[in-house]
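K.L.:
from the sequence below, what's the structure:
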Amino acid sequence: RVQKDFHKGNTSIGGILTSVNRFFSQEHLNFLSKQAYTGGLDFIHYWKEREYFITANFVGSYISGSQEAILRLQRSSARYFQRPDANHLAVDSSLSVISGTGGLIGIGKEGNSKLIAGQKIFWRSPGLDLNDIGYMREADVIGSQSMVGYRETKPGKILRSYSVVFSLDYNWDFAGVPVKGRSELETQFVFNNKWTGQVHLNRFFSARDNRLLRGGYALRTDPYHLIFATLQTDDSRNLSFNLQYNSAWYSDGFSYLQRFAPGIKIRFSSQFSITSQINYEQNQDALQYVTSFGTEQQPIAILGALKQKTLGITIRTGFYFTPDFSLQYYGSPFISTGRYVAFRVVTDPLNESFDQRFYLFRDTETTLADGNYTLTRGSTSYSFPNPDFTMLEFRSNFVARWEYKPGSVFYFVWTHQRNDYRNIFHPAMDDNMDSLFGLYPENMFLIKLNYYFSL
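P.N.:
Numbering: from 1, shown residues only. All right, here's what the predicted structure looks like:
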């Protein structure tokens, strides 16, 4: 990675190169690429006392390997080349190389002005892949991000500062099909007593989701709304609280989301503090993917109506006995359980009517026996394992740090975890918590020592 600043820091140009090279002869590793190279350039320039800016970046990737490895990349969730209605894509099992490009161009007004605005255009071509050494969720996308807002930093009678921002995002695939659209109204504010809060109001537009069916046809999605809100008391005090809230509502009559996440921070002294966050979520999703039948050219997707409950707790503590010696602890139990109450098969994925996109299996057409569901429609049957689930997980880390001489540090780390996954629905969270701490634990210990040499 290299970077150079010009014009007193108002202009910056940078570049990066990465390389992953794997050397193996075992056939069972042929699903991995052997060479993965990426390169990128970035540029940003400010003017008028950094009030305005223009930015651009470019990235390219080149990956080679066995035909099996490149075929896996073509079918991966980042691109799904096998989608039967994606006429601009095709799976080629003879390829041993895949490459692509991505980038962003943007211009905006920020700085210290009250009025802010910006426009960005980005793209990631279908063949781009950064996941050997980085992370990329999806390719085959062209996007537009627009925003305009107002912010006030002069304290008033109630508020110390506040901002209001409206943004509009649209995504298309490389065939020009709209795959995502969203508008958001965001407000952030700081009270004179140092309490802070924010509210995000989102509306997602109707689009064609080309990922939900996991390599199948693009599925029309209906508009829905989402709200996210937070409130934080004065974090500089010895006792502070925060609360996060999420809610989403849909037009299908079944789906919704409710999430509450209260938190607390206690600073007993300058040497000892503890923070904790509880996350509880209830989620109902009428269109949760279950499995597929048929062929890649004519896939038949089965979706389920999922009812899910999730509970997570995070605890962090820090003991700073001296500037040179400290103890830190992190612990997080996590429980999620879900039950499928109805199943659908996709019949007309782009129909404007929600009910006409699917065939909903009646109770008389749905049987559960020996851990397997069988759905019957006329002379056609589909069988698959019961997708109900209960996931239990606990992870914790304990770290002791001792700087026994300036620049030289000794670490002792203890990692503890418990995991379990079952294809059953168990809604009682207290019983799940008891089961979690009854699981057989895995422990790992690590000692690290570094010594600073003065030359």
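K.L.:
residues near Glu442, how many?
P.N.:
11 (other Cβ atoms under 10 Å). All C-beta spots, glycine's among them, are computed from the backbone N, C-alpha and C.
K.L.:
quick one, what contacts it?
P.N.:
Contact criterion Cβ atoms under 8 Å, 6 or more residues apart in numbering gives 416-419 as the residues in contact with Glu442.
K.L.:
just give me the closest of these to Asp430.
P.N.:
The shortest approach to Asp430 among those belongs to Arg418, at 16.8 Å (Cβ to Cβ).
K.L.:
what's the average pLDDT for the helix or strand hosting that closest one?
P.N.:
Using DSSP states H and E, Arg418 sits within strand 408-422. Mean pLDDT, computed over strand 408-422, is 96.
K.L.:
now stretch 165-178
P.N.:
The predicted model assigns stretch 165-178 a mean pLDDT of 96.
K.L.:
in it, what counts as buried?
P.N.:
165, 167, 169-175, 177 (16 or more other Cβ atoms under 10 Å).
K.L.:
before we move on, which element is Tyr320 in?
P.N.:
Tyr320 is located in strand 299-322, with elements delineated by DSSP H and E.
K.L.:
what's that strand packed up against?
P.N.:
With contacts taken as 3 or more Cβ pairs under 8 Å, 6 or more residues apart in numbering; DSSP states H and E, strand 299-322 sits against strand 272-294, strand 325-346, strand 380-385, helix 429-436.
K.L.:
and of the ones you listed, who's closest to Asn57?
P.N.:
Across the helices and strands packed on strand 299-322, the minimum distance to Asn57, taken as Cβ to Cβ, is reached by strand 272-294, at 33.2 Å.
K.L.:
would you mark the buried spots in the closest one?
P.N.:
Within strand 272-294, the residues that count as buried by 16+ other Cβ under 10 Å are 273, 275, 277, 279, 281, 283-292.
K.L.:
and of the residues you listed, the nearest to Tyr373?
P.N.:
Checking the buried residues of strand 272-294 against Tyr373 with Cβ to Cβ, the nearest one is Val290 at 8.7 Å.
K.L.:
the closest one against Phe389, yeah?
P.N.:
No: between Val290 and Phe389 there is no contact under Cβ atoms under 8 Å: 11.5 Å.
K.L.:
who's in contact with Gly100?
P.N.:
60-61, 124-129, 139.
K.L.:
what's the distance between Arg395 and Arg418?
P.N.:
As judged by Cβ to Cβ, to the nearest Å, Arg395 and Arg418 stand 8 Å apart.
K.L.:
next, the angle helix 429-436 makes with the strand holding Arg418.
P.N.:
What separates the directions of strand 408-422 and helix 429-436 is an angle of 120 degrees, with axes from the mean of the first three to the mean of the last three Cα atoms, to 10 degrees.
K.L.:
helix or strand for the closest residue to Asp85 other than its chain neighbours, just tell me which one.
P.N.:
Nearest-residue entry for Asp85: Tyr217, 5.1 Å, with adjacent residues in sequence omitted and distances by Cβ to Cβ, 6 or more residues apart in numbering. Take DSSP H and E as the rule and Tyr217 turns out to sit in neither a helix nor a strand.
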